[in-house]
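Chemist: predicted coordinates and the sequence they were generated for:
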Amino acid sequence: MPSRNSQQNHFVAPLEETPLVAIDQVKTEGKPSNLWIDAWHDVRKRPMFWISSVMIFVIVTVALFPSLFTSVDPTFCELSKSLDGPGGDSVLGYTKQGCDIYSRIIYGTGTSLSVGIIVTVLVFVLGIVFGAFAGFYGGWVDGVLSRVGDIFFSIPYILAAVVIMSVFSAYRSVWIISLAIGIFAWPSTARVLRAEIFRVKNADYVMAATAIGVSRFRILLRHVLPNSIAPVIVVTTISLAAAIVAEATLSFLGVGLPSTTMSWGNDISQAQNDLRVAPQTLIYPSIALSLTVLSFIMLGEVVRDALDPKARAAR
Amino acid sequence: MAGYILRRVLQAVPVLLGTTFLIYFMVFAMPGDPIVALFGDKTPNPAVIEQLRERYHFDQPFIVQYLLFLKGIFVGDFGISFSGQPVTEILAKTFPVTLRLAALAIFFEMIAGIGVGLIAGLRKGKFFDSSALAVSLILISVPVFVIAFVAQLVFAINLGWFRATVGPGAPLQDLILPALVLATISFAQIQRLTRSSVIETSGQDFVRTAASKGLSRRRIVPVHILRNSLIPVVTYLAVDFGTLMVGATVTEGIFNVPGVGRTLYQAIIRGERPTVVAFVTVMVLIYLVVNLLVDLLYAVLDPRIRYAK
Amino acid sequence: MRTKRFGVAAIALAAAGALILSGCSTGGGGDEAPKGDATAIITTDGTEPQNPLIPTNTNEVGGGKILDEIFAGLVYYDAKGAPVNDMAESIESDDATTYTIKVKADQKFTNGEPVTAESFVKAWNYGAALDNAQLSSYFFESIKGFSYDVNVPELEGLKVVDDLTFTVELNQPESDFPLRLGYSAFYPLPEAAWEDIAAFGENPIGNGPYKLAEEGAWEHNEKISLVKNDDYTGGRKPANGGLDIIFYATQEAAYADLQGGNLDVLTAIPSGALGTYEDEFGDRSVNQAAAVFQSFTIPARLPHFSGEEGNLRRQAISMAINRDEITDVIFSGTRTPAHDFTSPVIDGYSEDLEGSEVLDYNPDEAKKLWAEADAIAPWDGTFKIAYNADGGHQGWVDAVSNSIKNVLGIDASGDPYPTFAEARTKITDRSIQTAFRTGWQADYPALYNFLGPLYGTGAGSNDGDYSNPEFDQLLSDGLAETDLDAANKNFQDAQVILFKDLPAIPLWYATVNGAWSETVENVEFGWNSVPLYNEVTKTAAE
């Protein structure tokens, strides 16, 4: 930092003649604090944070160790039990194929959660990189990056996923389906961030940072991004939900994960055939999906509030 | 301004080339021979297959096929579908239908999304806010095909309020139900975006200043809060309009809407390359125009944004 | 002005319709005169034709359904599948090799052209020529002169004798040839077709009970409007004013329209409603056997499936499938467990052919046979059944796999391919390494059609490359028989061989599942699962 300050020599009085040094010193000697630490202090005081964290912890545990929660084999299906109600070994009853609904939900957690997380990470990272650079640097950088985004975005992702899943039909896995969904979904995140950065980058504090000679990249990282990330987090947590749902839609269109892979999407898309006669086969996996989505959105909500200095100030 | 628009139009050219190339390549890479599929469960004679491949240029290498397609675009010839119909005709029939559907859906989600989001944002943490969150969560977590089937069953078949599917000519009143279903997908997003944006804006100095000046809430809300909160929302709406214009595959299928999504999906499944690429080309054009309009709209909504040069 | 004139015309039309109907009922004498409005338009479901509407280039139901209504071939099939002369005055042969066909006099296409021997011969030659690459060209394979190697513009076996007579010479005796003549590939075409065949495919001119309502009546992806053709004098004279065939992307959508009162006749029920539609529509629904046979094929080239071991395993797998339970639960009783390789609607069908017990569920015998096969070479791996995911097959494939898995104690699962194209390509080029779904919808109602094209050595749709000289011999014997019963005996004997070798594992026969609204009556479904639309009547709109 001192070297940066020395550049100011051209414009202002020598450092030692100004009170600047003193002010800087007070700051650096203070208790270490940054946006993320502040956010943590803020977040741990909120009950919603703890509720959602516990829910996510439980869901992740189920995903990692499904056998702790059920002893029924989800792939053992007997047609004679088709659509039977709960009772005996079965907590929630049986699907049309005569598989245990509860056990399938437990074993499907890992798949659906992985798809959601992988897609979200992909969308978040790509969206931030493209959106931030395009919005902040503008000009030709914006031109190139935004047009690349356009290429991917103007191809409807469901259709693109159909094609990708067909091309890689022999290797259909959680990774491939996540890639198929994510690679065409990030431009919307990028665009939201870009728009937000357009708005933020002319704010007073950015001007101030520029004036005191903070490097462009550092301004982007330290000032612009944190102040414009709030809508991105909202969109991203929702996109986690959308990704889990998209997996179901792809199954519905016949290009989802192979039917031997347990996933909520597979179960929901199969159950919709029997919507009129056996809504329970649809409702239970849907509830599992909704609870998962709910916990992540709640967490996103809390984190957003905590990261956003303006929202924090307003409270 | 004019220079800016011109630049954007010029930038559209590589995007168009990139997208058509990408989709052409993807459809090309799709396993399975569309010609073989034409014969159904019956196995055709190889000699007949060869003849047909030649007719649709499927015997040519990929790059030749792509260039032939590009050449076709310049003379306004998008090729013919397997059923012998010029693709340009299919385009002319399906896009207006999808345009109507998309406009209707955007209208619904705008009214509901911005309205609910605004109220939820102004009453942050109150009952209305929580209920809005709950409703959007439910809508987000249910796949669209389930929403569509349930809506069709309840509102069209049991209650008889709407036609179950879209009738010939796709009249507007038949499109209401599918449009509502489509609107539910984005309702949650718009509602959340509006809400968070409203909360943020409400905390800003100019709003407090306006309030301390003694301006009434009826003036502060629309003029100061809403206008300044709309940028991310408008971006999202525009993006969503682009998405809807390229067709809602699932919803159009369930409600039998003779629009872009259904037609394109079937063309992809059947491997009708000319139809697929022609559709995507037009989609990209629409998408680029919408994006350009949005960027121009920013300047109107936010006086701080100015397009240089 | 305009509305007034239309009103007058409509009344005139209605009167004309009434005259024809009364004339018909006195002439026929049997049925009472159908009630209903002779000008009413019946709406029904269909799918967008995948090809231009040219008879020899249409091989799927979407286009076939339309062609059958706007064209009249030499014969048509009645509800039971028996051929009835339509355009033909007579079809005669002494040796089942050379046929002399006389066309009825004074038949017209809707553009006024007469229907002549030439109309048939030119159309068939066009369909057979390699350069035209017609999808149904294989129907002409057995006519003398046909070739896949060179383009033959005029088949040697087709000769015009006079205006209304022509002869057909086949390569070998085929006694079921006249049965085939009701299939769309054998329809006649007017001279107008040859001016611009592409334009013709968009606005076809036929000679059938209906015609296109106007130029451009085919509204792609939406519907096609047909109206009664008053020039048609054959046995399929419409009792209604026309047909609107609405194209649906999904059966669910069509079913929803029927429930919502926007559709008169629905020809297929979506899987989700199979369990409920009969309760909902009562006697306005149908669930009857159809000429559709469903199976899966285990090619002999797969490891463990050749020779003695293969036959044991095939039989074990066949007996491990609980067909009754699956058709009951998965299809709500809308499939009939298979007892042979053909279909119950076909003349000559028999439920208890020798060896057909291999199609009965018998877990103990299945385990025993599987163990015997394991003694030859131990089993390893997963048994997979490939299917196309875009065809609604997942339910039964999963159920069949589970049935095999639970009985034999091996891993078994479905293997979905996203598109029909991909699955068919892999099957056609023999690169598929699993068992796969197969099915056959009869082109014409004859036992041979279910056997020859599928299991004959080197036959077109013999996807499992099955070959058994004994079987081939019985087939050609059957074809040479001019007596239908004797021929059918040969075809039944041929199936006894199939039960031992199981080139395909028969599963069930599809049934026709349809329903119709309160406004229509006299809905009867034909042997090919399509309603006899010309008989449907609709009460006048109130």
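Modeler: Yep, it's here.
Chemist: from here on, just use CA atoms for contacts and neighbour counts.
Modeler: Will do.
Chemist: wait, isn't residue A:197 in contact with residue A:228?
Modeler: Yes - assessed by CA atoms under 8 Å, residue A:197 is found in contact with residue A:228 at 5.8 Å.
Chemist: name whatever forms a beta bridge with residue C:511.
Modeler: Beta bridges link residue C:511 to residue C:289, judged by DSSP bridges.
Chemist: now stretch B:67-81, how far from the centre of its chain.
Modeler: 25 Å (CA atoms, centre = their mean, to the nearest Å).
Chemist: first to last residue in that stretch, what's the distance?
Modeler: One end of stretch B:67-81 sits 18 Å from the other (CA to CA, to the nearest Å).
Chemist: now stretch C:98-111
Modeler: Terminal-residue distance, stretch C:98-111 (CA to CA): 32 Å.
Chemist: using the record's domain definitions, break chain C down for me.
Modeler: Following automatic domain parsing, one gets these domains for chain C: C:9-260+C:517-538, C:289-511.
Chemist: residue ranges with poor pLDDT in chain C?
Modeler: Along chain C, the parts satisfying pLDDT under 70 run over C:1-35, C:540-542.
Chemist: mind doing that once more with 50?
Modeler: In the predicted model, chain C carries pLDDT under 50 at residues C:1-34, C:542.
Chemist: quick one: the domains of chain C as a markdown table, columns for mean neighbour count too.
Modeler: Listed next are the domains of chain C as a markdown table, based on neighbours: other CA atoms under 10 Å in any protein chain shown:
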| stretch | mean neighbour count |
| --- | --- |
| domain C:9-260+C:517-538 | 20 |
| domain C:289-511 | 20 |
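Chemist: including distance to residue B:258, could those go into CSV?
Modeler: Putting these into CSV (distance: least, CA to CA, whole Å) gives the following:
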stretch, distance to residue B:258
domain C:9-260+C:517-538, 6
domain C:289-511, 19
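Chemist: so for residue B:118, which of those sits nearest?
Modeler: With CA to CA as the measure, domain C:9-260+C:517-538 is the member of the domains of chain C nearest residue B:118 (36.7 Å).
Chemist: does the closest one come close to chain A?
Modeler: No - using CA under 8 Å from any CA of the partner chain, domain C:9-260+C:517-538 stays clear of chain A, with a minimum separation of 9.6 Å.
Chemist: residues near residue 289, how many?
Modeler: If you meant another chain, say so; for now it's chain A. Per other CA atoms under 10 Å in any protein chain shown, the neighbour tally for residue A:289 reads 26.
Chemist: switch to chain B, please.
Modeler: With other CA under 10 Å as criterion, residue B:289 counts 15.
Chemist: residue A:140 now?
Modeler: 10.
Chemist: give me the pLDDT for it.
Modeler: Looking at residue A:140, its pLDDT reads 84.
Chemist: distance of it relative to chain B?
Modeler: 10 Å (CA to the nearest CA, to the nearest Å).
Chemist: quick one: the helix or strand harbouring residue C:436 near chain A?
Modeler: Using DSSP states H and E, residue C:436 falls within strand C:435-441. No - applying CA under 8 Å from any CA, one finds strand C:435-441 separated from chain A by no less than 15.5 Å.
Chemist: packing partners for that strand?
Modeler: strand C:285-297, strand C:382-388 (3 or more CA pairs under 8 Å, 6 or more residues apart in numbering or on different chains; DSSP states H and E).
Chemist: how about it as PDB, C-alpha atoms only?
Modeler: Below are the C-alpha coordinates for strand C:435-441, written out as PDB (Å, rounded to 0.1, in the frame of the first residue of the first chain):
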ATOM      1  CA  ALA C 435     -31.500 -56.800 -26.000                       C
ATOM      2  CA  PHE C 436     -33.800 -54.300 -27.500                       C
ATOM      3  CA  ARG C 437     -37.500 -53.400 -27.800                       C
ATOM      4  CA  THR C 438     -39.200 -54.500 -31.000                       C
ATOM      5  CA  GLY C 439     -42.700 -54.200 -32.200                       C
ATOM      6  CA  TRP C 440     -44.700 -54.700 -35.300                       C
ATOM      7  CA  GLN C 441     -47.900 -53.100 -36.500                       C
END
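Chemist: surely residue C:51 meets residue C:62?
Modeler: No - Residue C:51 lies out of contact with residue C:62 (CA under 8 Å); the separation is 9.2 Å.
Chemist: that older thread, residue A:88: which of the helices and strands packed on strand C:435-441 is closest?
Modeler: Nearest to residue A:88 among the helices and strands packed on strand C:435-441 is strand C:382-388 (30.4 Å), distances taken as CA to CA.
Chemist: the closest one versus strand C:285-297: what angle between them?
Modeler: Interaxial angle, strand C:382-388 versus strand C:285-297 (axes from the mean of the first three to the mean of the last three CA atoms, to 10 degrees): 130 degrees.
Chemist: and stretch A:214-228, average pLDDT?
Modeler: Here the average pLDDT along stretch A:214-228 is 81.
Chemist: buried residues of it, list them for me.
Modeler: Residues A:214, A:219, A:220, A:222, A:223, A:224, A:225, A:227, A:228 are the ones in stretch A:214-228 that count as buried (16 or more other CA atoms under 10 Å in any protein chain shown).
Chemist: ok, longest helix in chain A?
Modeler: Longest helix in chain A, counting residues (DSSP state H): helix A:101-137.
Chemist: does chain B sit close to it?
Modeler: No - judged by CA under 8 Å from any CA, helix A:101-137 stays clear of chain B, getting no closer than 11.8 Å.
Chemist: can you give me the mean pLDDT across that helix?
Modeler: For helix A:101-137, the mean per-residue pLDDT is 90.
Chemist: now the element after it, going C-ward?
Modeler: Counting by DSSP H and E, the next helix or strand C-terminal to helix A:101-137 is helix A:139-153.
Chemist: let me see the mean pLDDT of the helix or strand that that following helix is followed by.
Modeler: Per DSSP H and E, the first helix or strand lying C-terminal to helix A:139-153 is helix A:157-167. Confidence over helix A:157-167 (mean pLDDT, whole number) is 76.
Chemist: show residues contacting helix A:157-167.
Modeler: Helix A:157-167 is contacted from outside by A:172, A:176-177, A:180-181, A:184-185, A:246, A:250, A:255-256, B:26-27, B:29-31, B:249, B:265, B:268, C:417-419, using CA atoms under 8 Å, 6 or more residues apart in numbering or on different chains.
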